[in-house]
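Peer 1: sequence first, then the predicted structure, then my questions.
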Amino acid sequence: MAPVHHPKYNYMEKTLSKTTQCQFCGKLFKPQGIKSHEVHCGTHQIRERQWLDATKQYERDLEQAEESRAASFTAAHPTVHASTSSEAGPSQPVYVHNDGDHDFPTLPLMDRKTLLARTHGSLMEILPHEASQEEFGQCAFPAMACNTQPWCPFIEEGDYMFAEIALQAGLSASHINSLLMLIACVNQGKAKVTLRNEVNLQRAWDRAAMQVTPFTHHNIVAPYKGEDFTFPVYAWSLWDWALDLLSNPLLAPHFTWDAQRLFKYNGSKYERFYSEPWTGDHWWNIQVCCVGSQDWFQSHLPDVKNAVPFAFILYADQMRLSSHATVKGYPVIAQCGNLPINIRNGERYGGGCIVGWLPIVPESAKEEGKTGYTNYKRIIWHEAFHFILNEVAELSKIGYKYECYDKITQWLFPLILILSADYEELCMQAKEALAVYQEKKSARESILKSLGLWPVANVFWKVENSDPEEVVSLDDLHVMHAGLFGYHSLEELKIILNKLPRQYAAQLEELLAMFPSWQGLVHFTGILHISFSDGNKLRDLSRQTFYAALNILTNDVSCEGYQLLWMLRSYLELDSLIGLSVHTDRTLELIEKEQVTFENELKEYISHVSSGELAEHLKTDWNFPKVHLWQHAVQDIQKKGVAHNYSTWPNEQMHGPLKDAYCDRSNGKDVASQVLCVDHHHLAMKLIRTQIDAEADRAQEDYDDSGIDPGESEDVLTSFNQEFQGFHQKFTCFTNQCLPVYLNCDWNHWKDISFADTFELQEHCYLKLSPNKIAFACLVFMFSCSIPNFRTYDFALVHPYTANISATRKSFDNNFRITCVKARPCTASMFIPIRSIVRGALLYPDPKHRDEYLVVEHVDGDMFCRINEWNWCHLGHE
């Protein structure tokens, strides 16, 4: 049977002779071609309009520039004299004309040389005698017209030059704005720039770097199998860095020397709370110890007057400098535990600082995995760290006498309070095991293997009160975000999605892409092909994945995936609890209870996997260190304060500038010295910036921003939003019924206020939040209103999310411990005082239930605590 041919067009006589007019250009076309023409014609029209708008804007900018230039020129030259001469001087151009009407381009007079001329039609070309013979065979063309502004559409050539440099350098928006602001200040005479080239700038950097202690270079010579190997070490004496901090007058008032135990009354009893390192038990046990009820004595510190600890927080980990990991670095970053967390974890002077650059023993396929070579690498590491801790180790025994900011002389005893490091830095912690190993090496295998240790003396033993077993702390970034979730739970989720029909993975990625934007929250569009190891991004992904997968990984679709969500919910609860900025005895109890819940959910997940169809694909053995390490979270908080004190995320952020220094400021040779030189310049610039800002703050009085920033008047009531329906009547009712309650006025003296049918509203652009307790609502519009005989008040029109939720939905929410709110009809909008707004809330729209939203409580610690309190109050009322 012959195939049936379906024609694309109807070739009837009527359609062949009929024409249709284009809606854009008005020309007539046949039906067969009108659609494609209108697409191209419409696009062409849009481009023409855009080009016309850009041209008009360029002309306006040009006029403004001309007016500004004329004004400045007039101010500089009040009187201008012009003179002309009819005789052409020797330096003026000569114009050559032929018999036709063509004008030839300007040709300057040449020195006495012979010129050859030839004619092509009506054009004449004049060439110097030295021209080659090949040029005479070429055709002559009219010269291109002179373009006096080749940099258009930029207003000035300088604008183009700046734009070109900014594009080539890849400057960010903040860098561009800062440079343009500096140029404007120079033009206005408010600032001066004396630098002329890169050499001047480099010298200025070097002079600035003299204000801080420089790095010193050392070499470690260590034999291996009869051959000596040399490893370079760059170290900055840890105590010299401490003295730089102590001598800074801007940091001096913020040092804390004494241990503290803080309590607060919770309504029924006093409970202890933990925040900074000096509120933990470890600092307390080092400095003081209680005997009886009133006798106190110095504990681990020497018995001298005003003996106080100077606490160091150290971080060491390898990093990739090049994108292909062929070049690596090993920075050592120090923080001062005596400074508050906002300074210690900040990016300004007083925050983390690189104090060393350790050598990396090269990998060897021949030696890798051998016990001798592994011990060799650890010996090199501890020998290199000795150059950083050498002076600190001596002073930890004898102390350092120093007069502080308050004129009180303190005996400072340096110690390592917290250590964030990898397993190789903690290779030999038990002194008893090392003693047995040295006495009887035959027993080393059983003892060391049982403890998971290596026979290497730990460098931290040289520093008093710095036992590695005490200073090692939980790192939530690597243990939880990049480890337990990123390396394990996320991989399990990918396997489950890959085994399901493709539609489920596609739907999950669509819901992830729909996740609302939120400040500080990284947005994702996919999950299956994510391969990065950034713990901060994985933390954000865990928060979004749970809410997006609730309606996809149901028990009917995948029992393993459904149980994985239960485990992920408990993980998020623990992550938020551990990450709180202040802990109390109650929050520590909640962590311990939630850890039991997580263990039960994990066991249930393993049971589902073992008895399911994916047993050979999913993990059934979860007995690895990162599952066990976070069991010490409560103990670490009690000893050293909140997790922010020993988290590695502030130090990981310092890797970015080091990578930039390697890529932009080094030649790939002697990398460590070049990168550290750039980092040294950065530190000096931070110091100067701190001084400049402090002087600026001292020069002008601080003032509080008004809570509201008024914007331009706008007739927003003409909007089509349903929330504005009945605005006049609603606001009049609110003013006369609710406002007296807010103002605490006597009803007998209150006079009803009426508004004209037409009145002007002043819209506000942003608001300053104040703490309070209130239900959820969507902010629609903010404005100010002047009340007669009172003052001007700030109000907001909101769309309340207070509708009732079905009992079935409540049961589901309670099982997963999530908070759900439902929006009321848009016409139920209401007014509230702006000062009653507590804070912003991130709501995730439920894709299966219209007008219902899931409250994302894990965006920060404040939101987590408020939602838990809000849920407790609502459950208590029910």
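Peer 2: Alright, I've got the coordinates.
Peer 1: please count neighbours and contacts with C-alpha atoms only from this point.
Peer 2: OK.
Peer 1: got the phi/psi numbers for the nearest residue to P800 once chain neighbours are set aside?
Peer 2: Nearest residue to P800, sequence neighbours excluded (C-alpha to C-alpha, 6 or more residues apart in numbering): A777, at 4.1 Å. Main-chain dihedrals, A777, degrees, to the nearest 10: phi -160, psi 150.
Peer 1: does A777 touch Y801 like I think?
Peer 2: Yes - counting by C-alpha atoms under 8 Å, A777 touches Y801, with 5.0 Å between them.
Peer 1: tell me the SS of the closest residue to Y571 other than its chain neighbours?
Peer 2: Closest residue in space to Y571, ignoring its immediate chain neighbours: F598 at 6.8 Å, by C-alpha to C-alpha, 6+ apart. With DSSP: H, G, I helix; E, B strand; the rest coil as the basis, F598 sits in helix.
Peer 1: make sure Y793 is indeed in a strand.
Peer 2: Yes - if the criterion is three-state DSSP, then Y793 is within a strand.
Peer 1: bridged to it, which residues?
Peer 2: C785 (DSSP bridges).
Peer 1: what's in contact with the helix or strand that L538 is a member of?
Peer 2: Assigned by DSSP states H and E, L538 falls within helix 535-549. Defining contact as C-alpha atoms under 8 Å, 6 or more residues apart in numbering, one finds that helix 535-549 is touched by 477-478, 481-482, 485-486, 508, 511-512, 515, 521-522, 524, 565, 568-569, 572, 649, 844, 854, 856, 858-859.
Peer 1: swap the cut-off to 7 Å and go again
Peer 2: For helix 535-549, contacts defined as C-alpha atoms under 7 Å, 6 or more residues apart in numbering pick out 477-478, 481-482, 486, 508, 511-512, 521-522, 565, 568, 858.
Peer 1: give me the mean pLDDT for it.
Peer 2: The predicted model assigns helix 535-549 a mean pLDDT of 90.
Peer 1: same question for stretch 266-286.
Peer 2: 92.
Peer 1: can you measure across it, start residue to end residue?
Peer 2: Across stretch 266-286, the terminal residues are separated by 29 Å (C-alpha to C-alpha, to the nearest Å).
Peer 1: check stretch 312-323 too.
Peer 2: End-to-end for stretch 312-323, by C-alpha to C-alpha: 32 Å.
Peer 1: so for it, what gets flagged as buried?
Peer 2: Using 16 or more other C-alpha atoms under 10 Å as the test for burial, stretch 312-323 gives 312-321.
Peer 1: in a markdown table, list those along with pLDDT and distance to E383.
Peer 2: Formatted as a markdown table, those follow (pLDDT from 0 to 100; distance: C-alpha to C-alpha, whole Å):
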| residue | pLDDT | distance to E383 |
| --- | --- | --- |
| F312 | 95 | 19 |
| I313 | 94 | 19 |
| L314 | 93 | 16 |
| Y315 | 91 | 17 |
| A316 | 88 | 14 |
| D317 | 85 | 16 |
| Q318 | 86 | 17 |
| M319 | 87 | 20 |
| R320 | 87 | 23 |
| L321 | 88 | 23 |
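Peer 1: make TSV out of the residues you listed and add secondary structure.
Peer 2: Listed next are these as TSV, based on three-state DSSP:
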residue	secondary structure
F312	strand
I313	strand
L314	strand
Y315	strand
A316	strand
D317	coil
Q318	coil
M319	strand
R320	strand
L321	coil
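Peer 1: quick check: the farthest pair among the residues you listed?
Peer 2: F312 and L321 (26.1 Å; C-alpha to C-alpha).
Peer 1: and A672, how close does it get to Y662?
Peer 2: On the measure of C-alpha to C-alpha, A672 and Y662 end up 9 Å apart.
Peer 1: actually, F776.
Peer 2: F776 sits 49 Å away from Y662, taking C-alpha to C-alpha as the criterion.
Peer 1: show me where pLDDT drops low in the chain?
Peer 2: 1-17, 69, 71-144, 289-299, 421-456, 700-731, 734-774, 788-790, 873-878 (pLDDT under 70).
Peer 1: most centrally placed residue in it?
Peer 2: With distances taken as C-alpha atoms, centre = their mean, G520 lies nearest the centre of the chain, 6.4 Å away.
Peer 1: tell me who's in contact with that one.
Peer 2: Applying C-alpha under 7 Å, 6+ apart, no residues contact G520.
Peer 1: residues near N375, how many?
Peer 2: Here the number of neighbours of N375 (other C-alpha atoms under 10 Å) works out to 16.
Peer 1: what helix or strand does it sit in?
Peer 2: Here N375, judged by DSSP H and E, is contained in helix 371-398.
Peer 1: okay, buried residues for that helix please.
Peer 2: Within helix 371-398, judged by 16+ other C-alpha under 10 Å, the buried ones are 373, 375-393, 395-397.
Peer 1: that helix: what's the following helix or strand?
Peer 2: Beyond helix 371-398 toward the C-terminal end (DSSP H and E), the next one is strand 400-403.
Peer 1: next SSE after that next one?
Peer 2: Assigned by DSSP H and E, the successor of strand 400-403 is strand 409-420.
Peer 1: so that next one versus helix 371-398, what angle?
Peer 2: Strand 409-420 and helix 371-398 are oriented at 160 degrees to each other (axes from the mean of the first three to the mean of the last three C-alpha atoms, to 10 degrees).
Peer 1: change the start of the numbering to 836 and stick with it
Peer 2: From this message on, residue numbering opens at 836, which makes the last subject strand 1244-1255.
Peer 1: helices and strands around strand 1244-1255, which ones?
Peer 2: strand 1142-1151, helix 1206-1233, strand 1235-1238, helix 1303-1306 (3 or more C-alpha pairs under 7 Å, 6 or more residues apart in numbering; DSSP states H and E).
Peer 1: adding distance to Y1069, write those out as CSV.
Peer 2: Formatted as CSV, the helices and strands packed on strand 1244-1255 follow (distance: least, C-alpha to C-alpha, whole Å):
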stretch, distance to Y1069
strand 1142-1151, 14
helix 1206-1233, 9
strand 1235-1238, 25
helix 1303-1306, 23
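Peer 1: of all these, which lies closest to C1655?
Peer 2: Per C-alpha to C-alpha, nearest to C1655 of the helices and strands packed on strand 1244-1255: strand 1142-1151, 41.2 Å.
Peer 1: rewinding a little: out of the helices and strands packed on strand 1244-1255, nearest to I1387?
Peer 2: Proximity to I1387 (C-alpha to C-alpha) singles out strand 1142-1151 among the helices and strands packed on strand 1244-1255, at 41.0 Å.
Peer 1: which helices and strands does that closest one pack with?
Peer 2: strand 1166-1171, strand 1244-1255.
Peer 1: in a markdown table, list these along with distance to R1042 and mean neighbour count.
Peer 2: Converted to a markdown table, the helices and strands packed on strand 1142-1151 look like this (distance: least, C-alpha to C-alpha, whole Å; neighbours: other C-alpha atoms under 10 Å):
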| stretch | distance to R1042 | mean neighbour count |
| --- | --- | --- |
| strand 1166-1171 | 24 | 24 |
| strand 1244-1255 | 30 | 23 |
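Peer 1: what's the single longest helix in the chain?
Peer 2: When the chain is parsed with DSSP state H, its longest helix is helix 866-911.
Peer 1: alpha carbons only: can I get stretch 1350-1368 in CSV?
Peer 2: What follows is stretch 1350-1368, C-alpha atoms only, in CSV (Å, rounded to 0.1, in the frame of the first residue of the first chain):
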residue,chain,number,x,y,z
PHE,A,1350,12.6,26.8,45.6
PRO,A,1351,12.2,30.4,46.6
SER,A,1352,15.3,32.6,46.7
TRP,A,1353,16.6,33.6,50.1
GLN,A,1354,19.6,35.7,51.2
GLY,A,1355,22.6,33.5,51.8
LEU,A,1356,20.9,30.3,50.4
VAL,A,1357,22.5,28.8,47.3
HIS,A,1358,19.9,28.0,44.6
PHE,A,1359,20.0,24.6,42.8
THR,A,1360,18.4,23.4,39.6
GLY,A,1361,19.6,19.8,39.7
ILE,A,1362,20.7,17.0,42.1
LEU,A,1363,21.7,13.9,40.1
HIS,A,1364,24.8,15.4,38.5
ILE,A,1365,26.1,17.4,41.5
SER,A,1366,29.8,16.5,42.1
PHE,A,1367,31.3,19.4,44.1
SER,A,1368,32.6,19.0,47.7
